[in-house]
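Novice: From the sequence below, what's the structure:
(2 chains)
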Protein chains: 2
Amino acid sequence: MERSETQHSVHRGVGLRYRDPQPTYRTILVLATMKLAIAQLNPTIGDLTGNAQQILEAANNAFNQGVRLLLTPELSLCGYPPRDLLLNPSFVAAMTTQVQQLAQQLPPEVAVLVGIATPNSTANAAGGKSLFNSIALLEQGEVQQVFHKRLLPTYDVFDEHRYFEPGLQSNAFTLDGVGIGVTICEDLWNDEEFWGKRNYQVNPIADLAQQGVDILVNLSASPYSTGKQQVREAMLRHSARRYQQTILYANQVGGNDDLMFDGSSVAFNQSGEVVARACAFDSDLVILEFDEERRDLLPGKISPSPTSIDEEIWLALVLGVRDYSHKCRFNKAVIGLSGGIDSALVAAIATAALGKDNVLGILMPSPYSSDHSIKDAQDLGKNLGINTQIIPIGDLMQSYDQTLEPLFTGTEFGLAEENIQARIRGNLLMAIANKFGYLLLSTGNKSEMAVGYCTLYGDMNGGLAVIADLPKTQVYSLCQWLNSVAQQEIALNHQNEQIANNRLSAITNHQGEIIPTNILVKPPSAELKPDQVDQDSLPSYEVLDDILHRLIHEHQSAEQIITAGHDSTIVDKIIRLVTRAEFKRRQAPPGLKITDRAFGTGWRMPIASRSVTVTTQQVRQSVKTK
Amino acid sequence: MERSETQHSVHRGVGLRYRDPQPTYRTILVLATMKLAIAQLNPTIGDLTGNAQQILEAANNAFNQGVRLLLTPELSLCGYPPRDLLLNPSFVAAMTTQVQQLAQQLPPEVAVLVGIATPNSTANAAGGKSLFNSIALLEQGEVQQVFHKRLLPTYDVFDEHRYFEPGLQSNAFTLDGVGIGVTICEDLWNDEEFWGKRNYQVNPIADLAQQGVDILVNLSASPYSTGKQQVREAMLRHSARRYQQTILYANQVGGNDDLMFDGSSVAFNQSGEVVARACAFDSDLVILEFDEERRDLLPGKISPSPTSIDEEIWLALVLGVRDYSHKCRFNKAVIGLSGGIDSALVAAIATAALGKDNVLGILMPSPYSSDHSIKDAQDLGKNLGINTQIIPIGDLMQSYDQTLEPLFTGTEFGLAEENIQARIRGNLLMAIANKFGYLLLSTGNKSEMAVGYCTLYGDMNGGLAVIADLPKTQVYSLCQWLNSVAQQEIALNHQNEQIANNRLSAITNHQGEIIPTNILVKPPSAELKPDQVDQDSLPSYEVLDDILHRLIHEHQSAEQIITAGHDSTIVDKIIRLVTRAEFKRRQAPPGLKITDRAFGTGWRMPIASRSVTVTTQQVRQSVKTK
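Specialist: Here you go, the predicted model:
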């Protein structure tokens, strides 16, 4: 042991650099272990210099803590997903230049794994895509080695076959006698024991385990969805145990358009125990120690995971709004407050994301608005401490009626007139956003977006659809959770204790209630005609959301949904509505994605089509009539 | 020869079925050749029963003409592209049921190749996608064989790796002693001699040529883009000559959302000569004869191709509007007529697509509108013979001003107020569309969409963006072509000759002019403030369109564009505008695609990103400041 320790120490040069208050103890510890770190970074897509700066700062920080190997997420230099920026050769060339510069700027003693896209030099001769999704090993001022991702996800929001050729080789290198196996995101997601099926022909983990490495690293950009970290950790635990393999999983964090990356980078020892975890939904630098004698990771700092799905979603949406706003260079947001629960939740999220001084609520009552709508919206504004303004739209409604009178005379009040109201509000909100440089946040939920219970160019207006992936029942659940957390904080304040969490830190005015109770208990209504409520034309949201979940998430046919106990008339109607509303969804703003099947970049449906899932019925019918 | 002829005749049973006025001649001809047909079909996405009916009708028609083998396009049963409908297992199951039914309904003597998606039964055990993109050979009431597509396009609008596993085997079968090689669309697009590079590792054509087949068939769904048929035919000719191989290329026709398929199915003999061509932009059934002695195709009917790019684009857009409207169950369209060239062109296209009685033009003058705008729009309406209505928006503008006065007081007239005007018009058009069941067509061109010179929720409103992929210079070119064709028709009428073409058949009122001359010659203006013209804030459209083409189509960097002779300040400004307008394009309606790089389903850009192509400069700068 003496021999190898000295060798390592000299080679790494770690022990020499810092004064050590406990030289004897410290020396032994340093010599017997290798320090590693995970930089859980929040890159901006395409911002090569800014992202390089983040990596550099993390490396300097890690160096100061004696780290020998630093991991950064997948494509950390350009941010994930770079999408069609990858089709610009100058962008790829700039990445190559930037990573070489970065190598020179990094502390030479720290080996850093950086994610970049690299050219596939044999593409033209051998056939194949022109790029690889790669990890560069930077050390001693140079790019030492480049590893290519082997399994390329091409489903949901992922389009990696569009840009990348899969790597064919197992990726490993040796650092001071420690064997490091390198995998990139999807490379790890093919354990046929865990999934009960193979997702890809090859399994990079099995290959690396067979060739024998000390530490398996996985550099990821894995977007958040509800409950995903539990799945990740169960899968990582399974692989760690199956191959008796330490695993370091480094994930990206931050919001990029519709996707939120939750971070939660995590490390497992050979026994499949979590030895370290980065925080969820925030940047972090996690330090780990690898015991070179026992060839295993030592216990480190384990940040707690969110304790409920509601908390997860809340943190995800707050991060999503904050990052979308700031990365688009907005500091302030404007929201139309109807007095309903959707806009109330969006206003609370925006307040937590941007601060109460940066959120403006606009109340736009019409003659059809109920008295309580205004009061409820004002109560919400008070709870959040945000500025609100009232702009009645009655005059504009009259003006539209008069303007359209030559064409509409003799017709009855209907959908056209309802939509005009929504579109007046949409116009006013956009005018305010344009005038003062606010980001308009839209407030539609997933249930509405699914059945088209929303007005295109009206309430759908906005730069970001904050709760577009939350079914209405989830909106209620999240609001209730929010109020319960607010009550806990009040209770904690009463006990003069330090506030246990800062999830609501930006919402300072509330008195234990954020969403006014009346908003939670009244029947949902669009208030576009007298005494209208949502359930005039829709089933209860419990029924609707269950049908929609089966249809959208579980890809069930009409027959299967009916067999599960739903009324066939309702099921047929909902399927028709969902199919017909595709033209609206195509023009919706990006919606923050919190499920495995969101309407957005991963939802690719034809518009001019005859049926979505009623085909079973069609076939049944065609058999009958034959 | 005697022997084999008799055998074929008996086996096929063709000569026995029809009375033949010239028995001796006819018998020899029939016995020595095999008849084949290409059904150039226009399917509706997802309409399995309707599409099956189309195939059945084509097969009955072909049977009546003695055809032995009928080709239909790629995925002809579900239409291309089915997109995420393929993720519904019930949809795939319905396809299997439907194709089996179809096999029973078809005339048993005709072998029919039908495109369907089929399950990959080994996906779970071996890894891989759960479907194949397949061709089923139907004959004698059954599915005889199934062939899988080998090369899967995953670029631009194509997402085939998202759904399909590539087939690994060469696809061929024998019909009455004639060897048929089966390829599906992309399978044919990998001739490294023609392209100067390999696009994929394998080349299905080379494999089939090596194993030896008499006829190579290619079943395609290849979308239109300008000049594409010339490329296709050059490529097919090259492959036919290289492998001395007859090739039958069967393409889909029709509009499906943003994509128009131009048909133009074509057949080449072994010498690489075109022996038959289906018409462009319309359904067709092409009959071909294969000389079994010479093992080559005989000359057949060759439909002419469009004679200019303008004519191609015109036919494509007319088809795109007609099919999108009808497949979405609209018969009528409404268009805002500004008096400008964009809305004039869209109105002309809509009139040709839907008929003059089914197009309504709405003129919405504001106090900033010039007198000639109204007259120009009215002249256009007269030329097209469509109904027009005038709805002034001055009162609504005042009403918005008054409503917003409490917030806007003290601010200057600016972009917010300009946008309000565009959004009033957008609201009025949507109100009319909603009230009377019209499809609203939007009129923005590609140059505007690129730089964001358009108002989201205003003039961008609509179900379909008809000219969204035409740069402004192309809009002018197409309008000039349109007028020249109109003049030709008038001239032909004067000579009392039959009108040579019916490209403008639905536009019957014109007197040799469709787009009024004043619309063609006046400077383009949005007329959102006094004396405004586009070139106040943009370079000339010639300069703008060249910069945009380099940026968007050629993926050039700022440096390259400047090196090509453009002013660096303008280039930087345009790149900034293009990057910043991404949020608008994300919410645009589907736009009819006529180029290889349209803003739409094949344009996948991040919104919250730092730069698109200025990275070269960034790097240059970072080198300087280092």
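
Novice: Up against chain B, what does the stretch 1-150 of chain A have?
Specialist: A:44-50, A:79, A:81-85, A:87-91, A:93-94, A:97-98, A:101, A:123-128 (Cβ under 8 Å from any Cβ of the partner chain). No exception for glycine: its C-beta is placed from N, CA and C like everyone else's.

Novice: Now do the strands in the stretch 151-300 of chain A.
Specialist: Per DSSP state E, counting those that start in this stretch, the stretch 151-300 of chain A carries strands over the ranges A:172-175, A:178-184, A:215-220, A:246-251, A:253-256, A:259-262, A:266-268, A:274-277, A:284-291, A:296-297.

Novice: Give the other helices and strands that the fourth one contacts.
Specialist: Applying 3 or more Cβ pairs under 8 Å, 6 or more residues apart in numbering or on different chains; DSSP states H and E, we find strand A:246-251 packed against strand A:33-40, strand A:215-220, helix A:228-243, strand A:266-268, strand A:296-297.

Novice: In the stretch 401-550 of chain A, where is pLDDT below threshold?
Specialist: Residues of the stretch 401-550 of chain A meeting the criterion pLDDT under 70: A:493-503, A:505.

Novice: Residues of it that sit close to chain B?
Specialist: Close to chain B, as judged by Cβ under 8 Å from any Cβ, the stretch 401-550 of chain A has residues A:402-404, A:406-408, A:411, A:414-417, A:419-420, A:423-424, A:426-428, A:430-432, A:434-435, A:456-457, A:461, A:463.

Novice: Filter the residues you listed down to just the ones in helices.
Specialist: Using DSSP state H, the subset of those located in helices is A:402-404, A:406-408, A:415-417, A:419-420, A:423-424, A:426-428, A:430-432, A:434-435.

Novice: so who does A:Tyr224 touch?
Specialist: A:259-262, A:281, A:312, A:316, A:593-594 (Cβ atoms under 8 Å, 6 or more residues apart in numbering or on different chains).

Novice: Now render the strands of the stretch 151-300 of chain A as JSON lines, adding distance to A:Glu139.
Specialist: Listed next are the strands of the stretch 151-300 of chain A as JSON lines, based on distance: least, Cβ to Cβ, whole Å:
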{"stretch": "strand A:172-175", "distance to A:Glu139": "8"}
{"stretch": "strand A:178-184", "distance to A:Glu139": "12"}
{"stretch": "strand A:215-220", "distance to A:Glu139": "15"}
{"stretch": "strand A:246-251", "distance to A:Glu139": "17"}
{"stretch": "strand A:253-256", "distance to A:Glu139": "25"}
{"stretch": "strand A:259-262", "distance to A:Glu139": "26"}
{"stretch": "strand A:266-268", "distance to A:Glu139": "21"}
{"stretch": "strand A:274-277", "distance to A:Glu139": "23"}
{"stretch": "strand A:284-291", "distance to A:Glu139": "17"}
{"stretch": "strand A:296-297", "distance to A:Glu139": "21"}
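
Novice: Now mean neighbour count and mean pLDDT too, for these, in TSV please.
Specialist: Shown next, in TSV, are the strands of the stretch 151-300 of chain A (neighbours: other Cβ atoms under 10 Å in any protein chain shown; pLDDT from 0 to 100):
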stretch	mean neighbour count	mean pLDDT
strand A:172-175	17	98
strand A:178-184	24	98
strand A:215-220	27	98
strand A:246-251	27	98
strand A:253-256	28	98
strand A:259-262	28	98
strand A:266-268	27	98
strand A:274-277	22	98
strand A:284-291	21	97
strand A:296-297	22	96
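
Novice: who wins for proximity to A:Asn509 among these?
Specialist: Closest to A:Asn509 of these is strand A:253-256 (Cβ to Cβ; 25.5 Å).

Novice: Tell me which residue is most central in chain A.
Specialist: Nearest to the geometric centre of chain A sits A:Met260, at 1.7 Å (Cα atoms, centre = their mean).
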